[in-house]
Structure formats: C-alpha cells, structure tokens
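Participant: Predicted coordinates and the sequence they were generated for:
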Protein chains: 2
Amino acid sequence: MAVTDIASRTYDHNWRLDPIVRSLLDTDFYKLLMLQMIRHLYPEVPVTFGLVNRSSVRIADDIDEDELRAQLDHTRTLRFAPKELIWLAGNTFYGKTQMFSPDFITWLKDFRLPDYELRKVDGQYDLHFHGTWTHTTLWEIPALTIINELRSRAVMRGQGRFALDVLYARAKAKLWGKVERLSALPDLVVSDFGTRRRHSFLWQRWCVEALKEGLGKRFIGTSNVLLAMDNDLEAIGTNAHELPMVLAALADDDAGVASAPYRVLEDWQAHYDGNLRIALPDAFGTTAFLERAPDWLAAWTGFRPDSAPPIAGGEQIIQWWHSKGVDPREKLLIFSDGMDVDSIESTYRHFDGRVRLSFGWGTNLTNDFRDCAPFTDHGLDPISLVCKVTEADGRPAVKLSDNPAKATGAPAEIARYLRIFGEAGRTVTPVSV
Amino acid sequence: MAVTDIASRTYDHNWRLDPIVRSLLDTDFYKLLMLQMIRHLYPEVPVTFGLVNRSSVRIADDIDEDELRAQLDHTRTLRFAPKELIWLAGNTFYGKTQMFSPDFITWLKDFRLPDYELRKVDGQYDLHFHGTWTHTTLWEIPALTIINELRSRAVMRGQGRFALDVLYARAKAKLWGKVERLSALPDLVVSDFGTRRRHSFLWQRWCVEALKEGLGKRFIGTSNVLLAMDNDLEAIGTNAHELPMVLAALADDDAGVASAPYRVLEDWQAHYDGNLRIALPDAFGTTAFLERAPDWLAAWTGFRPDSAPPIAGGEQIIQWWHSKGVDPREKLLIFSDGMDVDSIESTYRHFDGRVRLSFGWGTNLTNDFRDCAPFTDHGLDPISLVCKVTEADGRPAVKLSDNPAKATGAPAEIARYLRIFGEAGRTVTPVSV
C-alpha cells in the first residue's frame, strides 16, 4: 500500500505563503535586552534602520518584490504569543530570574512591527524602517532572515528533488566535519550567532541540533530566542553597535559623540550585571575606545571584539587589562566576527589558558553551502548583508568599525567621526560574511 | 498546526516485520537468464547452496536468529506478481524482445523458494538450501541481502535519530563525491552490481538514482531486476560461477571436470547471443581456462574477469585475443570484482581506447559507510559474504578462482581441482568485499 496523506499533499501544493518568520521570538536575544533598556531610557527617539548590502550581488534580480512584500507583511501580523511571554517572564537568563520586568513583558503584549519602506533601485532593495527606536529595532533580524532565505529559495527553486537531497546531505556532512574538528578542543565554548544570515530557519534549527549533539557542554546556547525556548537552550547575547551609534548620532557636538560609547556602558550597567557586562569596543575603533575607557570598565566581565582580526584584537584588549592591573585569566573575550573552524581553532590555540574564551559562530555555521550544490555552483554563498541604524532623531548615524570595509554611514559624517576618534588601529580585511 | 498522520505513526510503531525482500524480482538479472537455461537443460539436478562468510566477523552475534528466520520465512511467501511477469515477458533486454520464453514465464507463475536449513555454529550461521537447482539458485541473492541488511539494522538499532541523519548525509555526500569523480571519465560505462552486499534495499535504490542523475549515459543500468523495472533502466548481467561449478561437480571423471567450463559456453551460446555472450574465465583459474579455450570463443562479445587483479587480468585476456587474431577494440571487458572509484579510474585509464570497457560496481557502491557514522565506528563496514553452490547431485562443488582467498569447497576437492587445472596465474589478493 502506497501511503500519501492527501490532505498534506494538497495543502503543500497550494501554499499561499510559506512564512520565513513565524514568531517575534525568532530574533537575537540581545535585541530584547537592548529593547528593555531603550524603552526605559529612550522611549520616544525616532530611529531609522536600513538594509545595507556590503556585497556586489544584485539581490533584487534574484528576489521577487511581491514575495518580499508578502513576507514583510506577514511578519507585521505577528504578535508575541502568550506562551512566549510566559517563557520570557519565567525563564532564567544568564543565571538570573526575572531578567525582563513585568512592566516590559506587559508592554510586549501589544507590540507590533511598524511599516516598512521598500523600493527597487539598480538591482538592490532600498529597505527602510521608520519609527521609534523601540519599534524599528526589532525589524533588524527579521528583515535580514527574510532577504537571506528568499535568496536561498530563489536559487533552489530550479533544483530537482535529487539535487536538493544531495545539497543538504553535503551541507550536513560538511557541518558535521566541522563539529568533529571542534570537539577536539577540550575547553571550547561556542554558541550559535547565525540567525541573521542563515540559509533558512529549518537549516539553522538543524545546525543548532548538530552542535547540541556533537559538542555537548562545549555548546552553550544560541542567540536565537525561539530556538532557545523550543530546545531549552541558553539564550545568548548582550548588546550591539546600535547603542553607541544612536547615542553618538543624538549628541549635540563632537564631545558628545566622543563620549557616547562610555554613556552606553553607564546605561548598560545600570540595567544589567554579571556576564551581561560585555563591552563592544569597535563601533568607532577599538584603539580609540580603549585609550579613553574609564578604569571601572576593567571590572566588567569582558569584551566582544567584533571587527579587528581576532588574535590582534584580543591581544590589544589583554594589554589594556594588564595596564589596568587586571588578570585576563578572569576575563572573557567573545569572538563573533565571521568565525569559522580555522579561525576558531587558531584563536583558541593562541589564547587558551591566558583568558576565558567564547565564540559566537554565525554565518559560517548557519549558511555554509559553498561547494555543496551538485552539478554547478548555484549561488548559495552567503553575502555580507546588514540592517543598520541610518538615522536617529533625523541625524545621520555612523559606524566606523576596526575594519574600514565594515564602516556604514554618509561619507562626510564618517570623515567627521574619523576626526573625532582617529584612525589608529584600523585594518582593512575583506568582508565575506 | 502540527501535523502527524496518526494512522501512519501507529502503524510504524507496531510493525510485525519490515520485510527486506518484497519481490522475487529483487534479485540479480543473471539469475533469471541462468535459470531459464538450467530449467531447460538441468531441470532435475539437486543442488545445494550455502552461506560462506569469508570474513572473521561473528555475524550470529549481531543478527538475531528469530529475525533471520522471520525474514527467510517471509521471502518464501513471495510469488512473482502478475505485473512482474508481464514486464519480464514484454520488456526488451539487451536489445532483444521475448528474452524469456512464454513457457518459462508460465513456469515462474508457480515458483516459490524451497525451505532452508539454519543452525547457529560458533558465532556463524550455517545456512543451506537444498532442492532442485532450478529452485535453490534463486535463494542466493535474497539470502545475502537479508543477512547484510539485518547486520546494518542491528548496528543502527542503538543509534539516535540525529546520528542516523548524519550517517546517511555523509554516505550520500561520499557517494556523490565518487559520482563527480567518475563523471570526469568521458567514455565510462558503469552499472550497479551491488544488490547482494547492499546496506539496505532503500539505500541501493538511492545509489541507483544517484548514478542515474549524476552519470547520465555513462550509467547503463542495474543488475537488480526490480530496480530496473521500477525505474525503466536496463537490467544488466549474464552468467555466474555456479554454471561451471555445477557442471564440474556433476562430471564423472577428471576429464569431465576439465571440460566443464567449455560445456557451459556451449550451453550458453545455444540459449543466448550478442552482448549476453560474456565468458567468466576464472572459476578454475583464468590461465588454465584460456590455454584450453576453443577458438570459437574469440567470436564472443567479451569476458568478465572477476578475481584477477583488473589490469593484469585484462592484459592476459587481450593477449589471448591477439593470439586468436582478434582486435580487442571490438571486444568487451567487464570488471566487477570489488571495484571502487580508484580502481575504476586506474583500470579505465590503463585500457581506454584499447578495448571496450564496462564496470560492474558492487559493494563499494551500495555499501560504503566507512567513516560515515558519527561519534564512533559502528561496524557498518561490509563483509565478504557469499552464497555458493556446495553440492550438485550429492557431489562436492568447488570454485578455485584466480585469487586463492576466494576459493570455496572442501580442501581435498580443491586439491583435486588444482591438480586438474594447475595453479598458474593464481595470485593471493586480500578480499575485503
């Protein structure tokens, strides 16, 4: 007896929409931590987020505009579900209960994503989100996951059943090979940071399961809140560049811009403690940041160097700790910039025993389909796509980064920030993801 | 809405038996070609087949006797289905219609496999099939596929869902890597000969699909009759060692033994022509066979050297063709002894342009799970298991082979055959599959 469930088959072949984002928790954990603080301190600030394609790939040639609008529209219909809010309220994050205040949870009940502005310009999508920071900030991750998954789907649309079977078999075999290599590092600490640039939601879910099965206690959790909830994993993340970017953009003068990164730290430590006190030093260059960093920052748990080459960037921070009389072996470095097995291994070997280490493994975990497609290369390589703050209260926002290839903002404004922060320590490194 | 088909789920968890063999066509094509001839010429000869484990693996420790009996019993309930007989009668094999006579097809209607004799002896299964040659011969392939798949199942029983997912992903990636290598050989001709030692029926089906998708016209078909029918592929195969083995065993004296291999050829060419005229030279040693081979054999399409090292064995036959004044470029060599990508490539490169070549790819196609299991090695390596004629009409049967490691039969009888045929040209090569 051949068994085909007729209802499933009929339904599968008549989908109006296969939603890419099915929950507002399908986002990075740090967005919620930042949002709680933003709502508290900057509830009325208007902030615009915009898509930035750092690659030359003409994504609007691959992705149909109607499909993109349908996915964005669907995401706007989402609300935090009762069980999701119960979990946010009742779960322990970073060892702490009630990380989110009852007041914040109540506010989330009515949350919905604001409208979007979409235009096709010269093979690219001009996609912006206008509104209060409290609302536009939650567009970052769904906007990116939608674009990235629509790209994957466009490439795979022409593939036969068998080619797809081989594609995923190879991707699984490839990832498992990486897992085996990483499991040879006894004190490795790694988490999934791959939501934004994942191949697809289902593939990220598989990757997370692979790390859980293959790395055991070396795998500490995922930045994806939905996957953390569904799998009873730790939700991982702290804060992002948008905080210093917005605060600098809001500043009235150059001195205010210069002090913005430290006001962020003050804001943060007023809200969070312990392992959440991780500083992101590179928004306007790590060298400038450390030079003027307050002594009390040495008491924080650690840093997340996110654009300097890992070994050089880590050494720079260790040197700073030494200058503050602090033993780096009690401190934490989290590496999360385009890491993959080779760089995780070399960084681990370099720093092992000298500092506590953690790796946020992103795009090369959840979207490495290079050489996996049978027959030909089908353009499944990930691209460097971000969704960044472009304006705050009508003023342009800027990120300098330690890597000029990752800078965002208007050229004139970038030049002004470079005058304020200097260019020391910036190194151009090709950005692949 | 989470969808689980409750009927399927309930059924899946309550299987009485998951049959390994579900059709009498799930066998090698040459069995049917030989059977038609055997029924015509030797309808009453009693022949015993028996399992021979050439490895040291204690298969009775892994395979439960009740399960083995249940599978063997189930296979005995099978009959050729009407649609199968219609296909055998109506399909074109090797370019010829009505390969099987209406009389033979009618006879198959009532065919059923005879009983078996099973005992557990010192970690091995003593498994024999007694009856007329026409009936015991069809046990060879199902007996082997059952034992091999029960071994796979026993190993996989303890594996989790995820480990199995990685296992098959890796096996698929591995096979596809082989397919890509082989697709670089422009004039390659390859067929699936992997039924008997396959990992499982479903896996063989996937392998066949992979060759079809990846090798295009280089893939000419499969020895598995059921897969050939289901996928409209060519059924491939001609004849096997059992023919000279039985005829030699039936001989009244040494002269009769010595001439048995040539009487087989006479029988065969009275029944089949064209591309089915492929001689198997190695039953009692290729050197002896060629020395005394009749001139008219040079008019046959080719040879299937099955135990000599491929290049040496092929050269020996090419030399024989030259000695008969025949141009090897019009002749065919079929290599089928434990071939894999390396040996296919080297053999292809060695003979390309000098002789027509074809490869029967067996165990290393359909049962290569080496290094595929995650976590540990779970004993999925294939073993060298055969099911051979042990007696004909009460007399012991012998195979010498070009490789003494592949000889079967009682030692005294092997010694007698070696006196008759000589030992020239025999080379010990380790037998892995």
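Facilitator: Noted; the coordinates are in hand.

Participant: CA only for contacts and neighbour counts going forward, please
Facilitator: OK.

Participant: List, one by one, the residues from the stretch 151-300 of chain A near chain B.
Facilitator: Taking CA under 8 Å from any CA of the partner chain as the contact definition, the stretch 151-300 of chain A meets chain B at A:162, A:166, A:168, A:169, A:170, A:172, A:173, A:176, A:210, A:213, A:214.

Participant: I'd like those residues written out as CSV, with neighbour count and pLDDT added.
Facilitator: Listed next are these as CSV, based on neighbours: other CA atoms under 10 Å in any protein chain shown; pLDDT from 0 to 100:
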residue, neighbour count, pLDDT
A:162, 14, 93
A:166, 21, 96
A:168, 18, 97
A:169, 25, 97
A:170, 27, 97
A:172, 26, 98
A:173, 25, 98
A:176, 21, 97
A:210, 20, 97
A:213, 16, 96
A:214, 21, 96
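
Participant: Out of these, which comes closest to chain B?
Facilitator: residue A:169 (4.1 Å; CA to the nearest CA).

Participant: if we can go back for a sec, next step: the residues of the stretch 151-300 of chain A next to chain B restricted to helices.
Facilitator: Among these, the members found in helices (DSSP state H) are A:162, A:166, A:168, A:169, A:170, A:172, A:173, A:176, A:210, A:213, A:214.

Participant: The nearest residue to residue A:413 once chain neighbours are set aside: what's it in contact with?
Facilitator: Among residues not flanking residue A:413 along the chain, residue A:398 sits closest, at 6.9 Å (CA to CA, 6 or more residues apart in numbering or on different chains). Applying CA atoms under 8 Å, 6 or more residues apart in numbering or on different chains to residue A:398 gives the contacts A:245, A:249, A:390, A:407, A:408, A:409, A:410, A:413, A:414, A:417.

Participant: And residue A:30, by the same measure?
Facilitator: With contact set as CA under 8 Å, 6+ apart, residue A:30 has these partners: A:223, A:236, A:237, A:238, A:239, A:240.

Participant: could you redo the last one with a cut-off of 6 Å?
Facilitator: The contact partners of residue A:30, by CA atoms under 6 Å, 6 or more residues apart in numbering or on different chains, come to A:237, A:238, A:239.

Participant: Tell me, how many residues neighbour the last one?
Facilitator: Spelled out, it's residue A:239. 21 (other CA atoms under 10 Å in any protein chain shown).

Participant: what are the phi and psi angles of the closest residue in space to residue A:200 that isn't next to it in sequence?
Facilitator: Spatially, and ignoring its direct neighbours in sequence, residue A:200 is nearest to residue A:149 (5.1 Å; CA to CA, 6+ apart). The phi/psi pair for residue A:149 (degrees, to the nearest 10) reads phi -70, psi -30.

Participant: and residue A:149, how far is that from residue A:431?
Facilitator: Residue A:149 sits 20 Å away from residue A:431 when distances are taken as CA to CA, to the nearest Å.

Participant: These two - which one has more neighbours?
Facilitator: residue A:149 (20 against 16).

Participant: looking at it, the more buried one is touching residue A:201, isn't it?
Facilitator: No. Using CA atoms under 6 Å, residue A:149 is not in contact with residue A:201; the gap is 7.9 Å.

Participant: Reduced to three states, what does residue A:39 come out as?
Facilitator: Using DSSP: H, G, I helix; E, B strand; the rest coil, the structure places residue A:39 in helix.

Participant: now it: how far from residue A:134?
Facilitator: Noted for residue A:39: a distance of 6 Å to residue A:134, by CA to CA.

Participant: Check residue A:271 too.
Facilitator: Distance, residue A:271 to residue A:134, by CA to CA: 16 Å.

Participant: Looking at these two, which is more packed in?
Facilitator: Higher neighbour count among residue A:271 and residue A:134: residue A:134, with 24 against 16, using other CA under 10 Å.

Participant: for the more buried one, what are its contacts?
Facilitator: Per CA under 6 Å, 6+ apart, neighbours of residue A:134: residue A:39.

Participant: Residue A:224 now?
Facilitator: Per CA under 6 Å, 6+ apart, neighbours of residue A:224: A:27, A:28.

Participant: From residue A:302, how far out is it?
Facilitator: Separation of residue A:224 from residue A:302 (CA to CA) stands at 21 Å.

Participant: Got the confidence number for the residue nearest to residue A:413?
Facilitator: Per-residue pLDDT puts residue A:398 at 97.

Participant: Quickly note the distance from it to chain B.
Facilitator: Per CA to the nearest CA, to the nearest Å, residue A:398 is found 44 Å from chain B.

Participant: Could you give me the buried positions within the one helix or strand residue A:322 maps to?
Facilitator: Element membership for residue A:322 (DSSP states H and E) is helix A:310-323. Within helix A:310-323, the residues that qualify as buried are A:310, A:311, A:313, A:314, A:316, A:317, A:318, A:320, A:321, counting by 16 or more other CA atoms under 10 Å in any protein chain shown.

Participant: neighbouring contacts of it?
Facilitator: Outside helix A:310-323, not one residue touches it by CA under 6 Å, 6+ apart.

Participant: State the mean pLDDT of that helix.
Facilitator: Mean pLDDT, helix A:310-323: 97.

Participant: Kindly report the same for stretch A:39-48.
Facilitator: Here the average pLDDT along stretch A:39-48 is 98.

Participant: now swap in stretch A:278-294 and tell me
Facilitator: For stretch A:278-294, mean pLDDT rounds to 97.

Participant: Stretch A:138-145 now?
Facilitator: On average, stretch A:138-145 scores 98.

Participant: And stretch A:243-257, by the same measure?
Facilitator: What stretch A:243-257 shows for mean pLDDT is 98.

Participant: and if you look at stretch A:64-71?
Facilitator: 97.

Participant: Run the chain-centre distance for that stretch.
Facilitator: 23 Å (CA atoms, centre = their mean, to the nearest Å).

Participant: outside of it, which residues touch it?
Facilitator: With contact meaning CA under 6 Å, 6+ apart, stretch A:64-71 is reached by no other residue.

Participant: Buried residues in it, which are they?
Facilitator: A:68, A:71.

Participant: Can I get it in CSV? Just the C-alpha atoms.
Facilitator: What follows is stretch A:64-71 as a C-alpha-only set of coordinates in CSV (Å, rounded to 0.1, in the frame of the first residue of the first chain):
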residue,chain,number,x,y,z
ASP,A,64,10.8,38.9,-6.3
GLU,A,65,9.5,42.1,-4.9
ASP,A,66,6.0,40.7,-4.3
GLU,A,67,7.4,37.8,-2.4
LEU,A,68,9.5,40.1,-0.3
ARG,A,69,6.5,42.3,0.5
ALA,A,70,4.4,39.3,1.3
GLN,A,71,7.0,38.1,3.8
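
Participant: Pull the contacting residues for the residue nearest the centre of chain A.
Facilitator: When CA atoms, centre = their mean is applied to chain A, the residue found nearest the centroid is residue A:196 (5.6 Å). When contacts are counted by CA under 6 Å, 6+ apart, residue A:196 touches A:141, A:144, A:145.

Participant: hang on, it in a strand?
Facilitator: No. Assigned with three-state DSSP, residue A:196 falls outside any strand and is coil.

Participant: could you measure it against chain B, distance?
Facilitator: Counting by CA to the nearest CA, the separation of residue A:196 from chain B is 25 Å.

Participant: name the element residue A:14 belongs to?
Facilitator: Applying DSSP H and E, one finds residue A:14 in no helix or strand.

Participant: To clarify, my last question referred to residue A:49.
Facilitator: Going by DSSP H and E, residue A:49 is part of strand A:47-53.

Participant: Report all helices and strands that that strand contacts.
Facilitator: Applying 3 or more CA pairs under 6 Å, 6 or more residues apart in numbering or on different chains; DSSP states H and E, one finds that strand A:47-53 contacts strand A:124-129, strand A:385-392.

Participant: And that strand, how far out from the chain middle?
Facilitator: Distance of strand A:47-53 from the chain centroid (CA atoms, centre = their mean) equals 14 Å.

Participant: same question, stretch A:115-122
Facilitator: 22 Å.
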